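Student: just coords:
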C-alpha cells in the first residue's frame, strides 16, 4: 500500500497533521468584534424543539411511486448525518397506502390461531409490560436498488441510493411474553403478522424469530414511536428486512405453515438468475457504505480528509471494515467506533490524504460469522435482471481530480 | 426479603407470570370487524416527521425564571420516555438570555492566549475534521433541586423534579486536535470557554479534560445540533455539569489560571455547610432515578409491574443499581441493560408484584469506582441551606394503597 496515497489506520491523526499540515483547517486571524447575535436577546425554548432553519436542506428524500400523491417511500439523507442513530423525523419510511391515523384507544393487538386461548391486549395493558431496549439498524429489502437497476452508475447522493437504512434505539415488549401467555400449540411454526393500515400489510414471521429477539416496539429513540413508524405499535424483528417489521401491527395468526399473502408473493420474493422464486430471505446481509465523502459532494481542496461511513449485518456484529482509495488495489483497515452492537450500525473511519488526483473510494465489511460483501458483478450474476432486493454488494465513489465525488461501480 | 412483596431480579418474568397471573394483561375477546382506519387511505410521509398528535401531552416542561418571557429552563419529561436516548426535541434546555440565531457562515471558533499561534476555524473547516461519536448523559448541576429546596416532598412528576437530565449520541471533533494545532504553551492549565449568546456564558475548563474526552459537538443523535443545544457548535465535556458544555461556543482563551467570570463565581459555586465556597465541582456524581412508576402516575390495579429507571455517573460506568419496595429495609439487584457505557445513562429494571398496599420505591446506584449515593439527610448536612447544586441523593416514590404514586423523602 502506498502510504503517500492512503494512510493506514494505525497512523494517528496527529502524526498525519504533523506530516501533511491541515490544508483545509484554520486561519490565524483573531476576532475583531462581537457578532450581532451576541448583542440582542435570543428566543425562548419550545415545548418540542426543531432543527435549525439553516439546516432546512436536510430532509427525507421522497419518491413518488405508482403515480400516487401518497408518498410511498422517503429516504434518510445519510450523507448529511453522522454517528449511528437516525433522528425519528429523518428515519426512512415505506408504506403501501399511506400512514393511518390511529387513536391508541381504538387499537388492540390480538394473538389467535394455533394457541391455547386467543388473547387481545389494549395499548394501556401493553404499556405496563416489561420492556427491553436495544440499538438496531432497519433496512428496506429494496435499499441500494438503483445500483442494480441502472447499468451505468447514476449520479445521485448517497442518501438517494442507499438511504433506506436508519439506526435507532428501539424499546418494547418481548414477543415471547405475549406468545407464552396465549399458549402456543406444539405444531405451530409461523405467525401471520397483519398491520392495521389501509394497505393491510401482511408478512409471515417464523415463531423461532419471535421467541428470539423480536419485540412489540413502543418507543423509538426514547419517545413513543411516530405514526410513520407504526404508532401506536409495530413489530420489530432485528436484522430482518424492513417490511417484516410490520407497522400498525394489530394481529398475529399462529399457524403451522406460512400464509401466502399478497405481500409475501408479489412484492417481497427474490428471483434468482435461473428464474426461480426465492421466498423467505429474511436477513439483511453484511454491508457497508461510505457516507463522507459521497455522491455529489465536493472536496474543497487537496489535503487531509477523514473517510467515514457505517457497516452492519442482519446476522450479528460487524467484525471489520476495509477501505480502499484506489478502487480495490490496496486496502486499509478502518477504525470501528465502539461499542460494536449486534444488528446495529457500526461507524467506521479512516484517515486519508487526497493529493488532488482521481481516486476510487471503496469499502467492504465482514461480520462476526465471516460473511462478506459480493462485488456488484457477483451479486448481479445471482439474480434475474428485474430482481433487485437484498443488494448488499460493495459500493464505491469516484473522486475526480477537481474534487467532485460521484457514484461508481467497481 | 419478602418474595411475596418484591421479586428478586433472578426470577424470570415468565415465572412471575406463571406464579401470579397477568392481572393487568390480556382479554380473550377476538376482533369483530376492521377498525375504521383500515378502510380509508392514510396520509403521505413528511420531509421531517413529527410525533403523533395523540402524544401532544409529551413535551418539555417550561419553567419561567427571573420573571422573563424567555424560558430559561425546559425539562425533559423522563417519566413519559423509555430507553437511554432523549429525542433532541425533548432534551432539557437551560439558557441565560435566550437562544441566539446564528448563521453558520457568521460563526467562527478561535483558540488564543497561551498558544504558539492563535487560530480561528470556520464551520466549513471544522466539519471536515475527524470526528468521534459516543452516547453520553448531560445533566444540569441544578437537577433535582426541588427535593433539596422543599422541606416536605412536593407532589410533582419525575420530569418536573429530575428532568434536567437527558441522553444523546454526541458527535464531534476531539478538542486535542485543535489545541495541538494552535500549540499549547507549557505553563497553560485552563481554557476560558465563551459562548456567542447574548448571555455571554463563560466557564473555565481544565486543559487536562479538553485533552481527555472533550469534543466540539456538531451532531446530536445523528443530525446537526439544534439551536437550543448550541447550533452551530457546542463544547461537550462528558460527565461534567451541564453548564460547562458551553453552547454556541466561539472562543477559548488558554491561560495558566482560571478566569473569575460572572458565571464561575455567582451561579455555579456550591456553598458548604460551614459557609465556604466550593468552586470547580465539575463532575456529576453517581445517581439514579425510577421513572416508572413515578410521581403523579397511577397504578390501575394490584398485580405485576416492572419498575424501570436509569442510573449514571459522571466518573465512568454504572456498576450496579439496587431497588427497594419497602423504603430501604430490603433491596434487590436490578437488571442493567447493556451495553453499559461510560458517562451514559444505564437503564435498569426489576420485576415487582404490587399487592395493593402502601409501598416505598427507592433506588440506589454504585459506579465502577465504588462511589455511592448519599441519603437526602446526608446530602443536606454537607451544604448550606440555600445551596442546591449537584444533588445526587437517593430518590424515592410512595405508592399509596389506592395506587397513587407521589414524591417521597427517605
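Tutor: Done, it's in. Bear in mind that the values here come from a model prediction, so they are computed numbers and not experimental data.
Student: what's near enough to touch residue A:153?
Tutor: A:147, A:406-409 (Cβ atoms under 8 Å, 6 or more residues apart in numbering or on different chains). For glycine as for every other residue, the C-beta is placed from the backbone atoms N, C-alpha and C.
Student: ditto for residue A:268
Tutor: Neighbours of residue A:268 in contact, by Cβ under 8 Å, 6+ apart: A:141, A:203, A:241, A:243, A:389.
Student: Let me see the ranges of the strands in the stretch 1-150 of chain A.
Tutor: Secondary structure of the stretch 1-150 of chain A, counting by DSSP state E, counting those that start in this stretch: strands at A:61-63, A:73-75, A:93-94, A:108-113, A:119-122, A:132-139.
Student: try the stretch 301-410 of chain A
Tutor: Listed in chain order, the strands of the stretch 301-410 of chain A (DSSP E, counting those that start in this stretch) span A:303-312, A:318-324, A:332-333, A:335-336, A:346-354, A:359-367, A:395-399, A:405-408.
Student: would you turn those strands into TSV with mean pLDDT and distance to residue A:247?
Tutor: Formatted as TSV, the entries for the strands of the stretch 301-410 of chain A read as follows, by pLDDT from 0 to 100; distance: least, Cβ to Cβ, whole Å:
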stretch	mean pLDDT	distance to residue A:247
strand A:303-312	97	21
strand A:318-324	98	27
strand A:332-333	98	38
strand A:335-336	98	31
strand A:346-354	97	26
strand A:359-367	98	27
strand A:395-399	98	28
strand A:405-408	98	30
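Student: what's the closest non-adjacent residue to residue A:102?
Tutor: Here the nearest residue to residue A:102 in space, its sequence neighbours aside, is residue B:37; by Cβ to Cβ, 6 or more residues apart in numbering or on different chains that works out to 5.4 Å.
Student: typed the wrong thing, it's residue A:60
Tutor: Of all residues not flanking residue A:60 in the chain, residue A:74 sits nearest, at 3.9 Å (Cβ to Cβ, 6+ apart).
Student: same question, residue A:112
Tutor: Nearest in space to residue A:112, with sequence neighbours left out and distances taken as Cβ to Cβ, 6+ apart, is residue A:118 at 3.7 Å.
Student: Could you tell me how far the residue nearest to the spatial centre of chain A is located from residue A:86?
Tutor: Using Cα atoms, centre = their mean, the residue of chain A that lies closest to the mean C-alpha position is residue A:165, 1.8 Å off. Relative to residue A:86, residue A:165 is positioned 8 Å away (Cβ to Cβ, to the nearest Å).
Student: what is in contact with these two at once?
Tutor: Common neighbours of residue A:165 and residue A:86, counting by Cβ under 8 Å, 6+ apart, are A:76, A:78, A:92.
Student: Now do the contacts for the first one.
Tutor: When you say that, I think you mean residue A:76. Counting by Cβ under 8 Å, 6+ apart, residue A:76 has contacts A:60, A:86, A:90-92, A:159, A:163-166.
Student: Can you lay out those residues as CSV showing pLDDT?
Tutor: Supplementary listing: the contacts of residue A:76 in CSV, determined by pLDDT from 0 to 100:
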residue, pLDDT
A:60, 95
A:86, 98
A:90, 98
A:91, 98
A:92, 97
A:159, 97
A:163, 97
A:164, 97
A:165, 98
A:166, 98
